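> I would like to see how this sequence folds:
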Amino acid sequence: MSHLQSVEYNVFHWAKTTPEKIAIYHRDERISYSQLATNILKVTYLLSAKHSLKMGDIVFLIADKSPTFIYNYFASHLSKAIAVMIDPEISAQRFDMIKSRTQPRFIFGNPTKAISKECVTQMTSSESLDVNFSFDEVIFPDLQDKADILFTTGTTGIPKGIYLTNGNIASAVRNINSFIQNTETDIELLALPISHSFGLGRMRCVLSAGGAIVLTNGFTNIKGFFRLIEELPVTGLAFVPSAWAYIKKMSANRISDFAHQLKYLEIGSEYMSVSEKKQLVELLPYTRICMHYGLTEASRSVFLNFKNDYQNLDTLGKASPNVEVEIVGESGKLLGENCEGEICIKGDHVARLYFGLSEDEVNDFFWKDYIRTGDYGVKLESGYLKIVGRKKEMINVGGKKVSPIEIEEILNTIKGISGSACVGIPDPNGILGEVVKAFIVGDSLLCDMTEVKDKITTSLESYKWPVEYVWVDALPKTESGKIKRLELKNK
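Next up is the predicted model:
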C-alpha cells in the first residue's frame, strides 16, 4: 500500500499544480483548488488550536451538501480525528443510538430536526482567520490510521459501525477511478447524499482526480438538474436506479440531449433490470455507463460496463481493479466455476475493523483474508458474477434454495407492477417447511393476476411459485434503497 497517497495528499497536489482550477461548484460559489486547500488548513488549525482535537477523537460531521462539510471532513483527517458522517435527515432515535455508542467529542455542522443547536459546536468562520499556511508543510494522514466510521443502514439488526482507514479509502479511490476513468477534466453533478458511502465516495474520487464536483440537493428539481448539466457543462453523473426512474418519469428521454457531453455514469446500491440498462445504452451510446456492487466495508468491489458487457447485463460484472472475488462454500472451501456459494471479497480497500466488536465477532465476518458479503452468487466460466440472493433471505422450499430475486425479476416485468419483494413463510400445509409469498407494489387495476400467474408458471419451476400475492403501498427499504425483505416475513 506504500505507493498509495491519501485523498488529502491528492487534493493538495492539485492545489499546488492547478491552483486556479475550480474544485467545487455550489450555488453561486466557485471554489478553486487553492481555496479548497486553504480552507481545509484553516479548519484544521481551528480544530487543533481552539478545540484541542487530538488523534483518535471522534467527531460528528453533519453531512449537508455544502463546501463547509467538505472542509470539515478533510480537516478532521489532517487532525487525525475519526469522522462520523451524520445524515441531515437522520431520525432522533438513530442519532441518539449512534451518539450513545460512540460518545463524540464534538458535533460540527448545521442543526437539524434531530440535532438541536445546543448540541452543535460552533466553528469560528474559517474566512476570518488571518494565519499564513504553506501547502508544503502539510503533514498528511498515515494510511494505517482510522479515518471514518460509517454506520450501515442495514436490512436487519443494529447497524454496524465500520472503521475505514485512510488506506482503505485511498485504495477504493484508486480502484474506482481506474474503472470509471475519472480525470481532471471531469465535472460531476453530485446529487447523491454525501452522508452515505456512494455519494461520499464520488466526492472523494472526483477531487482525488483533480476534477470538479457540483453540489446540488437531490434530483427533485428536474429543470435545475438539466440546467446545471447544460451550463457548466457536466461530464459525469452518479445515481441509484430509483433516481433514474424518477428522472425518466419527469423528463422522458431528455438525457439523450447530452449523449455527446456525458462522459460517464456510475450507478449502484439498488437492483436495475436488464431492460433499463439497455435503454440507458440506447439513450447514451457514447457514455461510459458503469454499475457497481459492494459493501460499505468493501466499496465498489465489482463493476459492470453496460456497453462492453452488453451480453452480460444480467450479471454483477467482474471484480474491480486490484480486487479479488471468490465464491466460498459452507465449509470455507473455495468453489469452482458455476458453483453456488457466498460471494467473498479481498483487497486493500476492505475494512477489517468494527466499532465496539471483539476480535472473535469481527472474525465471523471474514473467511481468511476475504470478507463475507452475506450474498449468495455464482462465478461463471467467463468470470462474470451473478447474484442469487442474500443468505438470510434465501427461501428454503422442501430443501431447495429459492432466490427471491429470481422471482422478483419476473414480476417486475409485468404491466401494472412497479416493484415486488418475495419472502419465505411457513408452509400452511406443514409439508415443505417454507413457501413463497410475494408482496407487490403498483396499480392493481392495470394488473391482471391471471397474467401474473401465467407468467410465473411458464417461467419458473413449480416450487418457486408464490402461493400468496399481497398488494402493498410501498416496500420497506433501507436509506440506501435496499429492500428489507426480512421485515416483510412477519406481515
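> And stretch 436-447, end to end?
20 Å (C-alpha to C-alpha, to the nearest Å).
> ditto for stretch 375-390
End-to-end for stretch 375-390, by C-alpha to C-alpha: 4 Å.
> begin at 761 from here
From this message on, residue numbering opens at 761, which makes the last subject stretch 1135-1150.
> Next up, the contacts around the residue nearest to the spatial centre of the chain.
By C-alpha atoms, centre = their mean, the chain has its centre lying nearest to F958, at 3.1 Å. Going by C-beta atoms under 8 Å, 6 or more residues apart in numbering, F958 touches 952, 998, 1000, 1028-1029, 1240. Bear in mind the C-beta positions are built from the backbone N, C-alpha and C, glycine included.
> What helix or strand is it located in?
helix 957-968 (DSSP states H and E).
> and the next element down the chain from that helix?
Next along from helix 957-968, by DSSP H and E: strand 972-975.
> buried stuff in the helix or strand just after that following strand?
For strand 972-975, the following helix or strand on the C-terminal side (DSSP H and E) is helix 982-991. Of the residues in helix 982-991, 985-986, 988-989 count as buried by neighbour count, 16 or more other C-beta atoms under 10 Å.
> How many neighbouring residues does G1176 have?
Other residues near G1176 come to 15 when the count uses other C-beta atoms under 10 Å.
> what about stretch 1236-1251, distance to the chain center?
A distance of 17 Å separates the centroid of the chain from that of stretch 1236-1251, by C-alpha atoms, centre = their mean, to the nearest Å.
> can you give me the end-to-end distance of that stretch?
Note: stretch 1236-1251 ends 11 Å apart using C-alpha to C-alpha.
> Now that stretch: average pLDDT?
Confidence over stretch 1236-1251 (mean pLDDT, whole number) is 75.
> Other residues contacting that stretch?
847, 913-916, 956-958, 1000-1002, 1029-1030, 1150, 1152-1153, 1164, 1181-1185, 1197, 1199, 1230, 1235.
> just curious, which of the buried residues of helix 982-991 is nearest to R787?
Taking C-beta to C-beta as the measure, R787 sits nearest to L988 out of these, at 10.6 Å.
> could you list every residue that touches that closest one?
949, 974, 976, 994.
> tell me the two of these that are most distant?
T976 and V994 (10.0 Å).
> Need the overlap of contacts for these two.
Shared contacts of T976 and V994 (C-beta under 8 Å, 6+ apart): 949, 988.
> Name the residue in the two with the higher neighbour count.
Taking other C-beta under 10 Å, T976 and V994 do not tie; V994 has more neighbours (23 against 18).
> The more buried one reaches Q1021, doesn't it?
Yes: in this structure, V994 is within contact of Q1021 by C-beta atoms under 8 Å, at 7.4 Å.
> hey, where'd the helices end up in the stretch 861-1010 of the chain?
In the stretch 861-1010 of the chain, the helices defined using DSSP state H, counting those that start in this stretch lie at 926-940, 957-968, 982-991, 1001-1011.
> follow-up on the earlier one: buried ones among the contacts of stretch 1236-1251?
847, 913, 915, 956-958, 1000-1002, 1029-1030, 1150, 1153, 1164, 1181-1185, 1197, 1199, 1235.
> Which ones among these map onto strands?
Those of those mapping onto strands are 1150, 1181-1185, 1197, 1199, per DSSP state E.
> Where does pLDDT dip in the stretch 1011-1160 of the chain?
Scanning the stretch 1011-1160 of the chain for pLDDT under 70 picks out the ranges 1151, 1159.
> ok, which stretches of it are helices?
With DSSP H, counting those that start in this stretch, the ranges of helices along the stretch 1011-1160 of the chain come out as 1034-1043, 1119-1123.
> Give the other helices and strands that the longest one contacts.
Counting contacts by 3 or more C-beta pairs under 8 Å, 6 or more residues apart in numbering; DSSP states H and E, helix 1034-1043 packs against helix 1001-1011, strand 1048-1055.
> what sits up against it?
Under the contact criterion C-beta under 8 Å, 6+ apart, helix 1034-1043 has outside partners 1001, 1004-1005, 1013, 1015-1016, 1019, 1025, 1049, 1051, 1066-1067, 1070, 1073-1074, 1173.
> what pLDDT, on average, does the helix or strand harbouring R790 get?
Here R790 sits within strand 789-792, counting by DSSP H and E. Averaged over strand 789-792, pLDDT sits at 96.
> could you check the angle helix 957-968 makes with the helix or strand just after it?
Where DSSP H and E defines the elements, the next helix or strand beyond strand 789-792 is helix 793-809. Going by axes from the mean of the first three to the mean of the last three C-alpha atoms, to 10 degrees, helix 793-809 is angled at 120 degrees with respect to helix 957-968.
> Please spell out which residues along helix 793-809 are buried.
Buried positions in helix 793-809, judged by neighbour count with 16+ other C-beta under 10 Å: 793-808.
> which intervals of the stretch 861-1010 of the chain have sub-threshold pLDDT?
884-892, 913-918.
> Near K1242, how many other residues are there?
Neighbour tally, K1242, other C-beta under 10 Å: 17.
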